[in-house]
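S.K.: Based on what follows, work out the 3D shape:
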Amino acid sequence: MDNTAIIRALVVDVEKIEPLFSLYREFYGMRKDRSAAIEFLRARLENEESTLFYAKKDGRIIGFVQLYPSFSSASLKKVFILNDLYVLESERGKGVAKLLMGKAIEFCTEQKCARISLSTAKDNPAQKLYEEVGFKESTFKFYNYNL
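M.R.: Residues are numbered from 1 along each chain as shown. Next up, the predicted model:
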């Protein structure tokens with residue numbers, strides 16, 4: 001992975017990140033909407049509501065990870081939710097996701113946060129990666145209330 005750079009996204013990067021972000025959304029069954037995706041990413045970055053890192057290799061973006069800040073009343077510290085992780089299919093199995101996860105962990109450590117949380121499908125093969133980099137299955141039960 002010598003020629004892969006992990007870069008923190010700025011607002012000016014949104015349009016070049018959007019194609020991968022849209023592929024990520026399509027992976028989860030969402031309809032492609034380029035303008036809405038750009039606006040969503042732009043708003044998150046402009047309002048400092050997320051931190052996004054992308055992997056760039058040979059001049060093209062091949063993956064990204066996006067973190068959303070939250071807080072823990074119990075620990076009295078900031079926490080981050082690792083909400084999005086995506087690597088182009090052609091680049092999977094080459095260590096790109098591990099590089100992105102490492103950067104996310106490094107960033108959250110620098111922010112002195114209590115933890116990084118993520119949730120994933122029970123059958124997602126990425127669980128192996130999460131466990132490999134140190135994530136542990138929570139003892140908490142996870143619920144959603146869809147609106």
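S.K.: got any ranges where the chain has weak pLDDT?
M.R.: Low-confidence segments of the chain (pLDDT under 70): 1.
S.K.: Distance from the longest strand seen in it to the middle of the chain?
M.R.: The longest strand of the chain (DSSP state E) is strand 60-72. The chain centre lies 3 Å from the centre of strand 60-72; the measure is Cα atoms, centre = their mean, to the nearest Å.
S.K.: Quickly run through the sheet partners of that strand, with directions.
M.R.: Counting by DSSP bridges, the strands paired with strand 60-72 are strand 51-57 (antiparallel), strand 77-87 (antiparallel).
S.K.: and among these, the most buried is which?
M.R.: Highest mean neighbour count of those: strand 51-57, a mean of 21 (counted as mean count of other Cβ atoms under 10 Å). C-beta here means a position set from N, CA and C on the backbone, and glycine is covered the same way.
S.K.: so where do the helices sit in this protein?
M.R.: Using DSSP state H, the helices of the chain run over residues 14-27, 34-46, 96-110, 127-132.
S.K.: Tell me the helices and strands packed up against the second one.
M.R.: What it means is helix 34-46. Secondary-structure packing of helix 34-46 (3 or more Cβ pairs under 8 Å, 6 or more residues apart in numbering; DSSP states H and E): helix 14-27, strand 51-57.
S.K.: Thanks a lot, see you next time.
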